[in-house]
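Colleague: Pasting the sequence and the predicted coordinates here, then a few questions.
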Amino acid sequence: MIFKAIFMALICGVTEFLPVSSNGHVIILKELMGFEGPAGMMFELSLQLGAISAVCWLYRSKLTHTVLNATRNPTDRLFAFKILLAFLPAAIVGFVFHHYITEHLFNARVVATMLILGGIAILTIEKYKPATKTVTVDDISPKTALIIGLFQVLSLIPGVSRSGATIMGALLLGVERKVATEFSFFLAIPIIFVAGLYDIFKNRHELSSDSVVLLVVGFVIAFVCALAVVKWLLTYLTRHGFIPFAWYRIIVGSAVLAYLFF
């Protein structure tokens, strides 16, 4: 059990901020490996909490400055407002439809299908995206932030990818590629923390010593892997685009569907 958990934590940490759906990878692995972890979505969310904690660490200066100065600095206050604005659509839809989504959409077939469709979407957007108009995170307008938040709603479907939906949505709105990725990182902070802590609290009575060990191990490994991947990704994006990730999605999704059907 512990080795399966470590393997999934490695995969989640590596894929969390890539547009390939880390949650989708975990769902596929759980189904194919027969992994029975903690109740509900606690294990998956503990991995995401570990990964997003890596972002908080890397951007601790920006986050601390925003929190401490939001009441007196207009720029910091506006940035916090834009993150909240972008966070609300997925938070509301996720709260209302949480049970339906987890009950009916959390399976390998849905994930594989969305991996393929998402890959095709990335290829299309990379080819036809408009000219860049927004070149810093602070230049993103409240309207643009809200629309990016609406794109994030799509990521409630497993396999879509939260980072993929928000980054591609931002590219369609003329946000520069690296800026779109950084805004996606910041936007992940409230949605993952709220979802993760809520699910752990909801299922707290089903926690056992074994479950706690799995949650802690998963959190730590995902944190370390995500720390390395985020640094690499931002460097990679200064020279390349997202097309390799699109083909990866299509190949993995097709392979999983072939396995499930044959």
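Modeller: Sure, I can see it.
Colleague: mind checking the backbone torsions on Gly34?
Modeller: phi 70, psi 40 (degrees, to the nearest 10).
Colleague: Distance of it relative to Lys4?
Modeller: Using CB to CB, to the nearest Å, Gly34 is found at 8 Å from Lys4. The way it works is simple: take the backbone N, C-alpha and C, and place the C-beta from them, glycine included.
Colleague: Pick out whichever of these two has more residues nearby.
Modeller: Higher neighbour count among Gly34 and Lys4: Lys4, with 16 against 8, using other CB atoms under 10 Å.
Colleague: element containing that one?
Modeller: Assessed by DSSP states H and E, Lys4 sits inside helix 2-15.
Colleague: elements contacting that helix?
Modeller: helix 22-33, helix 42-58, helix 209-237 (3 or more CB pairs under 8 Å, 6 or more residues apart in numbering; DSSP states H and E).
Colleague: so which of the ones you listed is the most packed in?
Modeller: Of all these, helix 42-58 has the most neighbours on average by mean count of other CB atoms under 10 Å, namely a mean of 24.
Colleague: chain center to the following helix or strand past that helix: distance?
Modeller: Counting by DSSP H and E, the element after helix 42-58 in chain order, helix or strand, is helix 60-69. Relative to its chain's centre, helix 60-69 lies at 22 Å (CA atoms, centre = their mean, to the nearest Å).
Colleague: Equivalent analysis for stretch 155-175, please.
Modeller: 9 Å.
Colleague: any weak-confidence spans in the protein?
Modeller: The chain contains residues with pLDDT under 70 at 1, 36-40.
Colleague: circling back to that earlier point, contacts made by the helix holding Lys4 with the rest, please.
Modeller: Surrounding helix 2-15, the residues in contact under the criterion CB atoms under 8 Å, 6 or more residues apart in numbering are 21-23, 25-26, 29-30, 33, 35, 37, 43-44, 47-48, 50-51, 54, 213-214, 217-226, 229.
Colleague: just stretch 28-48 next, same as before
Modeller: 1, 4-5, 7-9, 11-13, 16, 22-23, 26-27, 102, 107-108, 111-112, 192, 195-196, 199-200, 202-203, 206-207, 211, 214-216, 218-219, 222, 256, 259.
Colleague: Now do the contacts for the residue most central in space within the chain.
Modeller: Central residue of the chain (CA atoms, centre = their mean): Arg162, 4.0 Å from the mean position. Contact partners of Arg162, counting by CB under 8 Å, 6+ apart, are 21, 23, 152, 155, 184, 188, 191.
Colleague: try 10 Å this time
Modeller: Shown in contact with Arg162 (CB atoms under 10 Å, 6 or more residues apart in numbering): 16-17, 19, 21-23, 48, 90, 151-152, 154-156, 184, 187-188, 191-192.
Colleague: pretty sure Thr136 is touching Glu176, no?
Modeller: Yes: look at Thr136 against Glu176 with CB atoms under 10 Å: they come within range, at 8.2 Å.
Colleague: and the host helix or strand of His99 with helix 60-69, angle?
Modeller: In this structure, His99 sits in helix 74-104 according to DSSP H and E. What separates the directions of helix 74-104 and helix 60-69 is an angle of 110 degrees, with axes from the mean of the first three to the mean of the last three CA atoms, to 10 degrees.
Colleague: For helix 74-104, buried residues please.
Modeller: Judged by neighbour count (16 or more other CB atoms under 10 Å), helix 74-104 contains these buried residues: 76, 78-80, 82-83, 85-91, 93-94, 98, 101.
Colleague: next one: stretch 136-148
Modeller: In stretch 136-148, counting by 16+ other CB under 10 Å, buried: 137, 140, 144-145, 147-148.
Colleague: want to try CSV for the residues you listed, with secondary structure as columns?
Modeller: Below are the buried residues of stretch 136-148 laid out as CSV (DSSP: H, G, I helix; E, B strand; the rest coil):
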residue, secondary structure
Val137, helix
Ile140, coil
Thr144, helix
Ala145, helix
Ile147, helix
Ile148, helix
